[in-house]
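Novice: sequence first, predicted model second:
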Amino acid sequence: MIPGKADPLDEGQEMMTLAGTKRTAGTPYASPTKAAASAKRSRTQYDYCDEEDLESLHEDQWSADWDSGSEMSIDGDDERDSLKDRFLTSPRGSKSYEEARRTEESRTLPPAANVHRRFGSKSSERIYCVGCACSKLEHQCNAPSCGCEGGVSCRNPLNNLDLGALFGQDPVSLHPCFTTWAVSQNIAKLERQPLFDLILEKAFLMEEFHDYVSEPYLEWRAKWDRVPVSERDSGTGLFLKQELLRLGLTSREGQLVFYSFCRRDGWQETEHCWHCRICSDCMEWREWHCERCNQCSYGLSLPCETCGREKDRYGQPELNELSDDDSIYQW
């Protein structure tokens, strides 16, 4: 050996150490594991097999930990498992923003202070009177014309609404968003005061609407503020409570606003938002209901996102129009 010059044999041994040790075909193959990662095993020291060995190895000889798609990257395996754990433990998974916006929340009524809105859709196939047009449209049953004939077999929950106490004695047409919400309430009777407190809580947001939209509310508010607190449960105060309930929970000709139980900010402009009876959710004005898919799709001039069906006509569907049979819609 020449002094000052490395021995070729030693260099060869050093290269074998860095590259790994060739295993025989009968020896099970072992790849890096998380146990090795926790022990900070060197990335440059691992066992390998060449093509000759792969041909002779059986599937059951591979180590059970050889499931990484990161090509020997230990950190890649850990990152993948970490993301998987976060996905499984997340309450919403990988939902889009629009789906998250419609997240279902439970609500109870009363007391009024604890009343919350029903954010999100909740499709239902409840039929309280079989073959009844009233229940299909989620309205009170009209005994003379309904199949239930007003008997004890009728389980329509909207029959529990005292419309006179809520809205006064004048006939009203209930807004579909309100009827959808009322059907989902598991209480014997909806009281006027909790409903009034609920929609009054967000009424100030109407001041941010266009002037022509907020004007009816501002007029109502001016009258309400002039009523003494001690007189707000009777006389003029009671009339004004019913007036605000009619403003938010009923459908009227030329209606500009309504109270949405599906949106966090409550009050909505009718030109920007509408309620789909079938989907049981409030939609943007750009959305329309596809009868073939039985769900709403985005884009008034666009085909259905699911089935490709073209919309029958351009424009916002008039879901609040009264039918020829006013007894179904009005009381």
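Specialist: On my side now, so go ahead. What you are looking at is a predicted structure, and each value in this text was computed from that prediction instead of being measured.

Novice: how is this structure divided into domains?
Specialist: Annotated domains of the chain cover 8-88, 109-331 [automatic domain parsing].

Novice: ranking those by mean pLDDT, which is last?
Specialist: Mean pLDDT values for those show the minimum at domain 8-88, a mean of 48.

Novice: thinking P176 is in contact with R277, fair?
Specialist: Yes - the criterion here is Cβ atoms under 8 Å, and P176 meets it with R277 at 4.9 Å. All C-beta atoms are positioned from the backbone trio N, CA, C, and that covers glycine.

Novice: between the two, which one's more packed in?
Specialist: More neighbours surround P176 than the other of P176 and R277, with 22 against 16 (other Cβ atoms under 10 Å).

Novice: the nearest residue to G299 once chain neighbours are set aside: neighbour count?
Specialist: Distance criterion Cβ to Cβ, 6 or more residues apart in numbering; nearest residue to G299, sequence neighbours excluded, is R286 at 6.2 Å. R286 is flanked by 13 other residues according to other Cβ under 10 Å.

Novice: quick one, phi psi at R286?
Specialist: When quoted as degrees, to the nearest 10, the phi and psi of R286 stand at phi -80, psi -10.

Novice: is it true that it touches L300?
Specialist: Yes - counting by Cβ under 8 Å, L300 is a contact partner of R286 at 5.8 Å.

Novice: distance of the nearest residue to Q242 once chain neighbours are set aside from T270?
Specialist: Leaving aside its sequence neighbours, Q242 sits nearest to G168 (Cβ to Cβ, 6+ apart; 4.6 Å). As for G168, its distance to T270 is 22 Å (criterion: Cβ to Cβ, to the nearest Å).

Novice: in terms of neighbours, single out the busier of the two.
Specialist: Shown here are G168 and T270; by other Cβ under 10 Å, T270 has more neighbours (19 against 16).

Novice: show me what the helix or strand hosting Q193 is packed against.
Specialist: Q193 belongs to helix 192-201 when assigned by DSSP states H and E. Applying 3 or more Cβ pairs under 8 Å, 6 or more residues apart in numbering; DSSP states H and E, one finds that helix 192-201 contacts helix 163-167, helix 236-249.
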